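In: Below is the structure, and that's it, no one-letter string:
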C-alpha cells in the first residue's frame, strides 16, 4: 500500500521498522515494543510479520468523543495493553459537564 503523494510503500516501512525493533528486543537492548495510533488493520498486518509476538502497548487517542471500542477489543483479545491519550488542543472537551463533573 503506497501513499499517492509519495509512492512510498508504508506497509514495507512499518515492517522494516518493526524488524529493526525486534532485533533490539532480541539483543536485550529493549524490554518491549510499543506502537502508537495504529488501527486494527495496522495491528493485524503487524501480527502477520512479527516474530516476537504482538506489541506490548498501543497508545492511541481516547476520550468521550473517541472511544476506540473496536481497537480496545482487538488489544484485549491479543494481549496488547491499551494506553489512551487526549490531545491538549481539545479544550472544549474539558468544559463539557460529563467530563468536568
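Out: Right, received. Where do you want to start? It should be emphasised that the depicted structure is a prediction, and the values quoted were computed from it without experimental measurement. Numbers count the residues shown, from 1 in each chain.
In: C-alpha only now, for contacts and for neighbours.
Out: Fine.
In: Tell me how many other residues crowd residue 11.
Out: Neighbours of residue 11 under the rule other C-alpha atoms under 10 Å: 14.
In: Quick check: it vs residue 45, distance?
Out: 8 Å (C-alpha to C-alpha, to the nearest Å).
In: again with residue 53
Out: 12 Å.
In: what is in contact with those two at once?
Out: Common contacts of residue 53 and residue 45 (C-alpha atoms under 8 Å, 6 or more residues apart in numbering): none found.
In: which helix is the longest one in this protein?
Out: In the chain, assigned by DSSP state H, the helix with the most residues is helix 10-26.
In: which parts of it are buried?
Out: 15, 18-19, 21-22 (16 or more other C-alpha atoms under 10 Å).
In: In CSV, list these along with pLDDT.
Out: Shown next, in CSV, are these (pLDDT from 0 to 100):
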residue, pLDDT
15, 97
18, 98
19, 98
21, 98
22, 98
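In: Just the closest of these to residue 82, please.
Out: Each of these was checked against residue 82 using C-alpha to C-alpha; the closest is residue 18, at 18.4 Å.
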